[in-house]
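>>> 3D, please:
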Amino acid sequence: MHVASATTILEYFNYLEETYLVQRIPRFAASSKASMSAPKKVYACDTGLVTAIESVDEANFGHKLENLVYLKLRNPDDSIFYFANDADGTECDFVVERRDGTFMAVQVCWELSRDNEAREINGAVRAMERFGLTEAVMVTRDQSDLINHGGRMIRIVPAWKWLAED
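The predicted structure is shown next:
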């Protein structure tokens, strides 16, 4: 299938959102205009549907975990964004603004390793700095730890445990 324009693609995404197959979250920006014009992240509302249409070779457990975390975070009373810092290219997967005006930063990675540690930690730290937070959560497949990064705490928690928390 050939799609001729970006407008057509956006229309398709609107149809998918209207039928509750996907949801999009905006990038956090100082102005709503900047947020609206920035790229959005797309999450499936039914992870089983994604699993059913992908081949085993295509399985991307990190993206599936991120999608699962999104589904747990979504709440009609809260606003969910992702945060990207253009100055250093870091990104935090989720920043949740709760109804009471407080913020929460959540980073997701399948496995924290030497290869991705700096990127994942720096993304969480930049979000904490931007939103005045002293703690963030990093959800992983099965790791637990507590990282103190200049007085800012990153609680690394296995997905099964985080999903069971209130």
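>>> Which helix or which strand is home to Ile9?
helix 6-18 (DSSP states H and E).
>>> gap between the two ends of stretch 30-39?
By CA to CA, to the nearest Å, the extent of stretch 30-39 from end to end equals 15 Å.
>>> now stretch 77-91
This stretch, stretch 77-91, spans 24 Å end to end (CA to CA).
>>> Show me how far it is from its chain's centre.
In terms of CA atoms, centre = their mean, to the nearest Å, the centre of stretch 77-91 is set 9 Å apart from its chain centre.
>>> cool, stretch 159-166 as well?
Computed by CA atoms, centre = their mean, the chain-centroid distance of stretch 159-166 equals 16 Å.
>>> ditto for stretch 4-23
Mean-position distance between stretch 4-23 and its chain equals 20 Å (CA atoms, centre = their mean).
>>> Contacts only, for Ala124.
By CB atoms under 8 Å, 6 or more residues apart in numbering, the contact list for Ala124 reads 92, 105, 107, 136, 138, 154. For the C-beta atoms, the positions are set from N, CA and C on the backbone; glycine is no exception.
>>> secondary structure element for the second one?
Translated: Ala105. Assessed by DSSP H and E, Ala105 sits inside strand 103-108.
>>> what packs against that strand?
Packing partners of strand 103-108 (3 or more CB pairs under 8 Å, 6 or more residues apart in numbering; DSSP states H and E): helix 61-73, strand 90-97, helix 117-131, strand 135-140.
>>> Starting from that strand, tell me which strands it pairs with and how they run.
strand 90-97 (antiparallel), strand 135-140 (parallel) (DSSP bridges).
>>> Next, the buried residues of the last one.
Burial within strand 135-140, assessed by neighbour count using 16 or more other CB atoms under 10 Å, is assigned to 136-140.
>>> what does stretch 114-130 give?
By 16+ other CB under 10 Å, the buried positions in stretch 114-130 come out as 120-128.
>>> Make JSON lines out of those residues and add pLDDT.
Formatted as JSON lines, these follow (pLDDT from 0 to 100):
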{"residue": "Glu120", "pLDDT": "97"}
{"residue": "Ile121", "pLDDT": "97"}
{"residue": "Asn122", "pLDDT": "97"}
{"residue": "Gly123", "pLDDT": "97"}
{"residue": "Ala124", "pLDDT": "98"}
{"residue": "Val125", "pLDDT": "97"}
{"residue": "Arg126", "pLDDT": "97"}
{"residue": "Ala127", "pLDDT": "98"}
{"residue": "Met128", "pLDDT": "98"}
